[in-house]
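# A structural model of the following input is requested.
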Amino acid sequence: MKTVREAIVLGVLFVTAACTGPGHADRGRPDVRAIVDAAVAPVMRTNRIPGMAVGVIAGGTERVFDYGVASTQTRRPVTRDTLFEIGSISKTFTATLASYAQVTGRLSLSDGTAAYLPQLAGTKFGSVTLLELGTHTTGGLPLQVPDGVPDTGALVTYLRHWQPAHVPGTYRTYSNVSIGLLGVIAAKSLDRDFVQLMQERLFPALGLRETYIRVPAAQAAHYAQGYTEDDTPIRVRDGVLAAQAYGVKTTAGDLLRFLEANLATIALPAALRGAILQTHTGYFRVGGMTQDLIWEQYPYPVARDALLKGNGRAIIFGAVKVVRITPPEAPRSDVWINKTGSTNGFGAYVAFVPAKRLGIVILANKTYPIAQRVRLAYEILSRLAGSATY
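This next block holds a predicted model:
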């Protein structure tokens, strides 16, 4: 008869094998969970992150690994249903909607904003193109909606008096206002409210069942609590252009499916598939990075330092001279495509490599340095890409 100690040890081994142990079909493949576990543990420990979810796509298989708790107060564990704020990764959904509007003939990215917001006719901002909105090359929009601008009507008034610091299309200045307005215009071109379009049409079309801008009451229990750097509980607040620029809440599994859509490995309607692919078009060189429609890409294989520089503070918060790509660069497979996302209480990062059919989603319910997210993703994907078989 087994002792109690033996039973406990066997039970632990059984659980470990069920989660991580390779079966006969997996012999010769790397232990993906072991790779992710080893990379995630020091990041969570160093930054006192309560909970994380990491999803990877490798070898035609999706895996999601959950860590820690969704709330330090309730000690509710992170699960496959846990909703995280993804901050500016939301912009990639807005870009997809705008691209879909173009593919279906409802707008053209080469149009000026005044074509859709006639109140801006004859102004400097009225001649800024939708493409410049979607590539942060408007000429100098602020990062955030200015204080004292309570709604889109007041924002249009602000924009009537706006003066560019640079000639549009010559400098990159990252802006929530920029992509937010692209979302407003895309929704207007499709004759629907932006949030309705996303939650009732785009998310379902992508097969995303747990992705929201406004979390319904029935899902509120799955919404993780976010934490600031000093561990203060916080969640994102609604505001002007918040829905379009940084308002999406989702699970690691749903966001991983969105990466599958970008990798073209799942079946989608032709117009939507084409719209997603077109968001990978390269429009501007920004140092070693290429600015797509919101997405940012690098030639693959890529050095980690190039990713750290491209995702660094100088690029995010500075005015950086760009070189227009003429004609625009067609979508490529030999690239690393990525996007960061942050709110005051959450930190996220996604990246994928079409040629390798590799992808990663990193979600955390605490804000922490972007450089650490990039290093974490690079470590995991490099180990997977370096294996002969996944």
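# from here on, contacts and neighbour counts on C-alpha atoms
OK.
# any chance you could map the helices in the stretch 251-390 of the chain?
In the stretch 251-390 of the chain, the helices defined using DSSP state H, counting those that start in this stretch lie at 252-262, 270-278, 304-310, 313-317, 370-385.
# most tightly packed of the ones you listed?
helix 252-262 (a mean of 23; mean count of other CA atoms under 10 Å).
# helices or strands next to it in the packing?
strand 51-58, strand 61-68, helix 270-278, strand 358-364 (3 or more CA pairs under 8 Å, 6 or more residues apart in numbering; DSSP states H and E).
# dump these into a markdown table; add mean pLDDT and distance to F352 as well.
Formatted as a markdown table, the helices and strands packed on helix 252-262 follow (pLDDT from 0 to 100; distance: least, CA to CA, whole Å):
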| stretch | mean pLDDT | distance to F352 |
| --- | --- | --- |
| strand 51-58 | 98 | 9 |
| strand 61-68 | 97 | 13 |
| helix 270-278 | 98 | 13 |
| strand 358-364 | 98 | 4 |
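# so which of these comes closest to A101?
helix 270-278 (8.3 Å; CA to CA).
# residues contacting that closest one, please?
Helix 270-278 is contacted from outside by 96-97, 99-100, 102-104, 261-262, 264, 331, using CA atoms under 8 Å, 6 or more residues apart in numbering.
# for these, which ChimeraX command selects only the ones that are buried?
To isolate the buried members of these in ChimeraX, using 16 or more other CA atoms under 10 Å:
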select :96,97,99,100,102,103,261,262,264
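# which residue ranges of the stretch 201-350 of the chain form strands?
Secondary structure of the stretch 201-350 of the chain by DSSP state E, counting those that start in this stretch: the strands cover 211-212, 226-227, 233-234, 249-250, 282-286, 289-291, 296-299, 319-321, 323-329, 335-342, 347-353.
# returning to that earlier point: which of the helices of the stretch 251-390 of the chain sits closest to D151?
helix 313-317 (24.2 Å).
# off-centre distance for that closest one?
Per CA atoms, centre = their mean, to the nearest Å, the displacement of helix 313-317 from the mean C-alpha position of its chain is 17 Å.
# can you give the contact residues for it?
Residues outside helix 313-317 that contact it (CA under 8 Å, 6+ apart) are 143, 173-174, 309, 320.
# got a list of what A252 touches?
By CA under 8 Å, 6+ apart, the neighbours of A252 are 53-55, 64, 80, 83, 361-363.
# go with 6 Å
G55 (CA atoms under 6 Å, 6 or more residues apart in numbering).
# so what's it scoring on pLDDT?
Listed pLDDT for A252 reads 98.
# export stretch 283-298 to PDB, keeping only CA atoms.
Provided in PDB are the C-alpha atoms of stretch 283-298 (Å, rounded to 0.1, in the frame of the first residue of the first chain):
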ATOM      1  CA  TYR A 283       4.400  52.800 -45.100                       C
ATOM      2  CA  PHE A 284       7.300  54.400 -43.300                       C
ATOM      3  CA  ARG A 285      10.900  53.600 -42.100                       C
ATOM      4  CA  VAL A 286      11.400  54.600 -38.500                       C
ATOM      5  CA  GLY A 287      15.100  53.700 -38.000                       C
ATOM      6  CA  GLY A 288      15.200  49.900 -38.000                       C
ATOM      7  CA  MET A 289      11.500  49.600 -37.700                       C
ATOM      8  CA  THR A 290       8.800  49.700 -40.400                       C
ATOM      9  CA  GLN A 291       5.500  51.400 -39.500                       C
ATOM     10  CA  ASP A 292       2.500  49.500 -40.900                       C
ATOM     11  CA  LEU A 293      -1.100  50.500 -40.200                       C
ATOM     12  CA  ILE A 294      -0.600  50.600 -36.400                       C
ATOM     13  CA  TRP A 295       1.400  47.300 -36.400                       C
ATOM     14  CA  GLU A 296       5.200  47.700 -36.300                       C
ATOM     15  CA  GLN A 297       7.600  45.300 -38.100                       C
ATOM     16  CA  TYR A 298      11.200  44.400 -38.300                       C
END
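# having no further points to raise, I will conclude here.
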